[in-house]
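Enquirer: Could you look at this predicted model? Sequence included:
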Amino acid sequence: MKPRTKLQKQVAEQSKRLAPITQRQKDWAFQNCFDLQARRLKSGKLTCLECGHSWKGGHVLAESICGCTCPNCGTELKVINSQKQTFKYAEYFGIITVCGGFQVLRYFFLEKHCQVGNPARLFCREVVQHWITPSGKCEIMARSRNMSIFYYDVWNWSSELEIRREHHAHHISPVAVYPHKRYISEVKRNGFMGNFHQLSPRTLFCNILSDSRMETLLKAEQYDLLRHFSVRRSQSLEDYWASIKICIRNKYTVTDASLWCDYLDLLRFFGKDVLNAKLVCPIDLKAEHDRWMKKKTAWQERQKREEERKRLLKNEQAYQKLKAKFIGLEFSEGSLYIRVLKDVNEFYEEGNALKHCVFTNEYFLKPDTLVFTAQINGKRIETVEVSLETLKVIQSRGVCNENTEYHEQIIDLVNRDAHLIRKRMTA
Ligand SMILES: [Zn+2]
């Protein structure tokens with residue numbers, strides 16, 4: 001991509017002045033990014049994958065644990081058991097340096113090809129550079145990438161390092177970083193003392209250079225908050241900043257930022273003062289978090305119950321409106337006693353006692369049927385549904401929808417006394 005903005009032009013220009021990686025840096029990289037290995041065959045024959053020399057091995061167990069030394073090149077080697085002839089490895093390596101007032105992060109793609117009988121072949125090619133300005137802006141210089149379904153970092157070796165639109169392939173986590181590092185004075189001024197606190201150099205530098213609050217978090221040693229708000233950009237630091245300042249002023253270190261933010265959300269939910277140091281800096285965060293969490297859960301449950309109560313009440317009103325004139329209607333014969341269910345709650349009790357769906361399927365809202373309970377000595381036996389059109393029994397069901405020995409008697413009694421229903425209809 002052609003550099004377009006002033007900054008891009010500046011970066012493209014400065015990158016020409018960047019010194020190529022030195023032999024010493026390359027040697028260090030290959031020593032520290034890869035294992036140095038000897039291959040052992042079942043016969044015990046060892047081959048140094050560094051220089052290609054082969055020799056007869058010694059004690060198998062000792063070699064497996066302690067490794068061996070190549071008698072030819074003197075390298076300390078880790079022993080691997082394999083029949084393979086060739087071994088290919090690839091890793092990323094990083095260099096942190098400065099150039100023209102920029103903080104520069106350089107990433108190299110290292111490849112190591114080992115073939116039995118030959119010295120290892122090493123390739124080191126620079127693939128990505130992050131150029132960070134003292135105000136925390138970042139431009140990317142990178143090679144282009146080939147299309148691949150499986151890998152996003154298939155670099156196109158015929159391309160040059162150029163200004164590129166940022167892609168996640170440019171966010172590289174190198175297996176090793178060269179120990180001699182150089183920093184622009186601004187990152188040191190903003191609190192950086194050599195520790196990245198588990199963030200990528202890019203993230204940490206850009207954040208502390210571009211956001212004074214991040215700088216404050218670093219200087220105040222609020223590392224977990226720094227990490228939390230660096231990684232979770234969706235959660236706004238602004239929403240918590242006033243409370244964080246109180247923590248800092250009270251020398252209260254937040255060790256579990258996501259729990260603390262949750263806790264603050266809970267305080268806010270209950271309308272508590274999130275500027276009160278006593279609340280904002282709890283001695284036992286976990287206990288306080290859990291206490292408020294419990295309160296919220298209880299509140300939610302109350303809320304749910306309240307909604308349920310309202311819904312029931314609405315149903316009750318509907319039921320009464322539809323069936324008020326039938327309530328109190330009852331038929332009996334001997335110990336058998338049948339009457340209209342008097343309210344919605346009784347549908348619930350009936351459904352529970354007989355384990356059927358008279359309540360859950362909201363029979364109380366059906367406008368054209370009437371539901372009775374048939375009881376013997378106060379015990380619910382069957383539930384009867386009668387059509388208000390034909391005044392005939394539609395269904396009568398006992399526990400789990402089974403018929404009881406009173407089934408026929410119940411239906412007979414209801415059908416016989418159906419004229420009493422009609423009477424109420426016309427009343
Ligand atoms: Zn060797």
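Expert: Happy to help now that I have it. Numbering: from 1, shown residues only.
Enquirer: from here on, contacts and neighbour counts on C-alpha atoms
Expert: OK.
Enquirer: mind showing which ranges of this protein have poor pLDDT?
Expert: 149-150, 233-235, 427 (pLDDT under 70).
Enquirer: How is it partitioned into domains?
Expert: 6-177, 211-283, 323-426 (automatic domain parsing).
Enquirer: Include mean neighbour count and distance to F192 when you put those domains into JSON lines, please.
Expert: Output for the domains of the chain, formatted as JSON lines (neighbours: other Cα atoms under 10 Å; distance: least, Cα to Cα, whole Å):
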{"stretch": "domain 6-177", "mean neighbour count": "17", "distance to F192": "13"}
{"stretch": "domain 211-283", "mean neighbour count": "17", "distance to F192": "7"}
{"stretch": "domain 323-426", "mean neighbour count": "17", "distance to F192": "64"}
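Enquirer: how about the residues of this protein that lie near the ion?
Expert: Counting by Cα under 5 Å from the ion, the residues of the chain close to the ion are 48, 51, 70, 73.
Enquirer: Quick one: distance of the one helix or strand K323 maps to to the chain centre.
Expert: Per DSSP states H and E, K323 falls inside helix 285-323. With Cα atoms, centre = their mean, to the nearest Å as the basis, helix 285-323 stands 29 Å off its chain's centre.
Enquirer: For it, name the packing helices and strands.
Expert: helix 257-269, helix 344-354 (3 or more Cα pairs under 8 Å, 6 or more residues apart in numbering; DSSP states H and E).
Enquirer: Going by neighbour count, which residues in that helix are buried?
Expert: 285, 289, 292-293, 296, 315-316, 318-320, 322-323 (16 or more other Cα atoms under 10 Å).
Enquirer: which residues sit in contact with H53?
Expert: Contacts of H53 were listed using Cα atoms under 8 Å, 6 or more residues apart in numbering, and they are 47, 70, 72, 117-118.
Enquirer: Surely N190 and D211 touch.
Expert: No. With contact defined as Cα atoms under 8 Å, N190 does not count as touching D211 (10.0 Å).
Enquirer: quick one, helices of the stretch 101-250 of the chain?
Expert: 185-189, 201-210, 212-219, 223-231, 237-249 (DSSP state H, counting those that start in this stretch).
Enquirer: can you put these in CSV and add distance to L420?
Expert: Formatted as CSV, the helices of the stretch 101-250 of the chain follow (distance: least, Cα to Cα, whole Å):
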stretch, distance to L420
helix 185-189, 92
helix 201-210, 82
helix 212-219, 81
helix 223-231, 73
helix 237-249, 69
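Enquirer: Over to the closest residue to E76 other than its chain neighbours: give its phi and psi.
Expert: In space, E76 comes closest to T69 once its chain neighbours are excluded; the distance is 4.5 Å by Cα to Cα, 6 or more residues apart in numbering. Main-chain torsions, T69, degrees, to the nearest 10: phi -120, psi 130.
Enquirer: Pretty sure T69 sits against T75.
Expert: Yes. In terms of Cα under 8 Å, T69 counts as a neighbour of T75; the distance is 5.6 Å.
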